Each structure stands twice: as C-alpha cells, then as structure tokens.
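Colleague: Sharing a model that was predicted from the sequence below.
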Amino acid sequence: LSAERFIINFVPSIMKKVYDHRRELVHSHSQSIENYLQEKLSDIRFLTDSYDRRQLEDESFLQAQLAALQKDFGRDFVDLGAINIDGVQVAYAGPFKLAKADYSNAEWFHKAIQSEFYISDVFLGLRSQPHFIIAVRNNGENGRWILRATIDFVRFTTLVENIRLGQTGFAFILNNK
C-alpha cells in the first residue's frame, strides 16, 4: 500500500477508535466522581432520615454525628450545620467559628431550600477557602430546615487529580457555565 492510500483508508478508522476509547474513559471517570458525590449525599440523607430536627440542632449531638462520619468515611466531611428556614445556622459542628452564621443571602441556600438536596459548585463562602457543600432539605413536623455538610476540597481534588488519561492527560471538572 502506498502511504497516501494507507492514510485515506485506515487513519479515519484508527482515529475513530482512539476517540471512542477516550470518550469511554471520560465517561468512566465522570461516573466515578458522580458515584462519590452520590455516596456523600446518601450519608447526609441518612442523618436527616434517622434523626429529627431537635436532635440535629443539638451541637453536641451534631458533633458526635460528624465524628462518626469522619470515623466511618475518612475526613471527607469537614463540618455539619443545621440551618433553619430563615438561613440561620442554629447548630454547627466543625473546625470553624460558624455558629449562628447567616446564609439567608447565599445562593446555595436559596437553591437548597427549593429542592430536596443541593450540591454546590466550588465557592469561597464565609470561610474564604475553596469548598463545596451538600445540603439536604427536610420537611419535618417542625417545618423545613436544611442539614449542610462541607466536603473536604483537598480530598476531592485528589480524587480528580488521580484520574489521568494515558500518561500525559489530565482531568478537569467543569460546571455548566
């Protein structure tokens, strides 16, 4: 075969196989990240389904739940907060001084109060550090409220960074924007 004929006949087929393989890798890695987020969401939903608002608004109880999550699942969870319908954090467990924080103007709070759950984009927020949250809304006997968990950004970044495409490819997470 001449080089020209080889290129015309085989290169498109080879390129299609390469692109199909890359597409499958990207899908597989995307699924891994989605599974991670769904697991963390399930952990927080378990808390809102297992305990009532009164229990989760008790800071010592909330601290015990955070310790249990960290013991069972590693340090993926940085903190937990119980937030009332007005956006005020009425209980906090974690390393920051965020007791009584007011989230009433936070974009994530408005989205979370309208949905069963909300997983935010990365943002700086009150702590001025990149992080993202998982919030679960509960419609209990005492009204709507939210249990919010911060996911450790460094651990999540490590998960993403460990995804490579071949020897030189990198993975990035992009939002819809």
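Modeller: On my side now, so go ahead. Residues are numbered from 1 along each chain as shown.
Colleague: going forward, measure contacts and count neighbours with C-alpha atoms only.
Modeller: Noted.
Colleague: quick one: the strands in the protein?
Modeller: Using DSSP state E, the strands assigned to the chain run over residues 77-84, 89-93, 117-119, 132-140, 143-151, 164-165, 169-170.
Colleague: closest one to Gly125 among those strands?
Modeller: Gly125 sits nearest to strand 132-140 of all the strands of the chain, at 9.1 Å, using Cα to Cα.
Colleague: quick one: the most centrally placed residue in the chain and Ile146, what's the gap?
Modeller: By Cα atoms, centre = their mean, the chain has its centre lying nearest to Leu37, at 4.8 Å. Distance, Leu37 to Ile146, by Cα to Cα, to the nearest Å: 18 Å.
Colleague: ok, now how distant is the residue nearest to the centre of the chain from Phe77?
Modeller: From Leu37 to Phe77 the distance is 12 Å (Cα to Cα).
Colleague: Could you count how many residues lie near the closest residue to Gln70 other than its chain neighbours?
Modeller: Residue nearest to Gln70 in three dimensions, not counting chain neighbours: Phe77, with 6.4 Å by Cα to Cα, 6 or more residues apart in numbering. Phe77: 22 surrounding residues under other Cα atoms under 10 Å.
Colleague: Settle this for me: Phe77 is touching Asp152, isn't it.
Modeller: Yes: using Cα atoms under 8 Å as the test, Phe77 is close enough to Asp152 to be in contact (5.8 Å).
Colleague: so what sits against both of the two?
Modeller: Jointly contacting Phe77 and Asp152 under the rule Cα atoms under 8 Å, 6 or more residues apart in numbering is no residue at all.
Colleague: ranges for the helices of the protein?
Modeller: In the chain, the helices defined using DSSP state H lie at 3-50, 53-56, 59-73, 107-114, 153-161.
Colleague: Make CSV out of the ones you listed and add mean pLDDT and distance to Phe96.
Modeller: Output for the helices of the chain, formatted as CSV (pLDDT from 0 to 100; distance: least, Cα to Cα, whole Å):
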stretch, mean pLDDT, distance to Phe96
helix 3-50, 87, 19
helix 53-56, 94, 18
helix 59-73, 96, 13
helix 107-114, 96, 19
helix 153-161, 80, 15
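Colleague: Indicate which one of these is closest to Lys100.
Modeller: Nearest to Lys100 among the helices of the chain is helix 59-73; the distance by Cα to Cα comes to 11.5 Å.
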